[in-house]
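Colleague: The sequence and its predicted three-dimensional model are supplied below.
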Amino acid sequence: MTRPAIQLTRVTKTFGSHTAVRDLSLEVPEGSLYGFIGPNGSGKTTTIRMILHILSPDSGEVSVLGEVGTRASNDRIGYLPEERGLYKKMKVGRLLGYYGSLKGMPLREARKEADRWLERLGLTEWKDARVEALSKGMSQKIQFISTVISKPRLIILDEPFSGLDPVNLEVLRSAILELVTDGTTVVLSTHDMAVAEQLCDHLIMIFKGDKVLDGTMNDIYGKYGQDTIRVRTEAGVRALQGIAGIEHVADMGTFQEVRFRGDSQDLLQALAARTRLTQFEETRPTLHDIFIRIAGPEAARSTGDGAEVALAAGGMTS
Ligand SMILES: Nc1ncnc2c1ncn2[C@@H]1O[C@H](COP(=O)(O)OP(=O)(O)OP(=O)(O)O)[C@@H](O)[C@H]1O
């Protein structure tokens, strides 16, 4: 078996009396696209900082690209932090060449690689612009290039999609997938479970410093099966009010995801008697729903995806 790119063994980190990460063990296989997910403040960034040796754990062991407890492997790691910053007065092309050479690339090669990436991300015409002239989305893509330009074996991206419009999100998404196809290991930290769901092949879910789920997407979905019904009706969430057997409803706005105890045909009939249906589909639960099931209703309030609908006695409130 090949060595994992990252291995954490029983790692704990506290800040004063607050435990940010508790007894965390984790293995990120080489070549995987591993999602670190969890709501704000759950311990993702602290975990990443320990992987990068910016922080030392209070206890436990951190091994990255085969090296235990040293910073030596950092040249082989690309890190896109959540708090971003670029030298504003520098021109884009020069800046990227500079970042590549900082990571040990010959300048000519770094410039060539910068040109390739600028073209790949639709930014060629901005090569001679100063960073300060770029829009937020453009500087985010430049920061991404600065992270990947030196072809690190391991790339850690903290919320890489925040603030990107759907077109640029797609551009970045396919660039990340291409890196993984080429054998790079990518860790993607995000609180957006829908993004993680679309992209990752493995994931770890962290909540209040504890690992609550870890595995391949196939294992995770296999465990939860197809026990969710996606419903789209003219009446919206109100159509579901008071139907016996409904255990949980997540209202996604134009559609609802329903966990139903019993024969789904009974739900179909009950709905058809009340409203016009445009979708009724048995499907697997979303990651967000799995997270709520594991972490409890309190966790629902700490995430932004989908509104939880509480079932009152015989009815619902939203
Ligand atoms: N340097 C620090 N000093 C004190 N507390 C800290 C420090 N860094 C993190 N924490 C606390 O540890 C907890 C975990 O924070 P962390 O930044 O790892 O979460 P996160 O999952 O990355 O959240 P976000 O998505 O908001 O970035 C939080 O309660 C945070 O306030």
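Modeller: Looks like it came in fine.
Colleague: Could I get the phi/psi values of the residue in the stretch 51-200 of the chain that the ligand sits nearest to?
Modeller: Taking C-beta to the nearest ligand atom, the ligand has its nearest neighbour within the stretch 51-200 of the chain at H191, 5.0 Å off. Where you see a C-beta, it was placed from the backbone N, CA and C, and this is true even at glycine. Torsion angles at H191 (phi, psi; degrees, to the nearest 10) stand at phi -90, psi 0.
Colleague: from memory I176 sits against T184, does it?
Modeller: No. Assessed by C-beta atoms under 8 Å, I176 is found out of contact with T184, at 9.0 Å.
Colleague: Now do the same contact list for G60.
Modeller: Contacts for G60 (C-beta atoms under 8 Å, 6 or more residues apart in numbering) come out as 8-12, 23-25.
Colleague: no, scratch that, I was asking about I294
Modeller: With contact taken as C-beta under 8 Å, 6+ apart, I294 is in contact with 205, 207, 212-213.
Colleague: measure G236 to the ligand for me?
Modeller: Distance, G236 to the ligand, by C-beta to the nearest ligand atom, to the nearest Å: 31 Å.
Colleague: Burial check on that residue, number of neighbours?
Modeller: Counted with other C-beta atoms under 10 Å, residues neighbouring G236 total 16.
Colleague: okay, it: pLDDT?
Modeller: The model reports G236 with a pLDDT of 92.
Colleague: Can you tell me how far it is from R108?
Modeller: Distance, G236 to R108, by C-beta to C-beta, to the nearest Å: 59 Å.
Colleague: Check R76 too.
Modeller: As judged by C-beta to C-beta, R76 and R108 stand 21 Å apart.
Colleague: Equivalent analysis for V92, please.
Modeller: 17 Å.
Colleague: same question, E281
Modeller: In this structure, E281 and R108 are 54 Å apart, going by C-beta to C-beta.
Colleague: Contacts only, for V28.
Modeller: By C-beta under 8 Å, 6+ apart, the contact list for V28 reads 4-7, 34, 185, 187, 202.
Colleague: who does the closest residue to it other than its chain neighbours bridge with?
Modeller: Using C-beta to C-beta, 6 or more residues apart in numbering and skipping the chain neighbours, the partner closest in space to V28 is I6 (3.9 Å). Beta bridges link I6 to V28, V64 when assigned by DSSP bridges.
Colleague: per-residue confidence for I6?
Modeller: I6 carries a pLDDT value of 95.
Colleague: mind listing what it touches?
Modeller: For I6, the contact set (C-beta under 8 Å, 6+ apart) comprises 26-28, 51, 62-65, 154, 185, 187.
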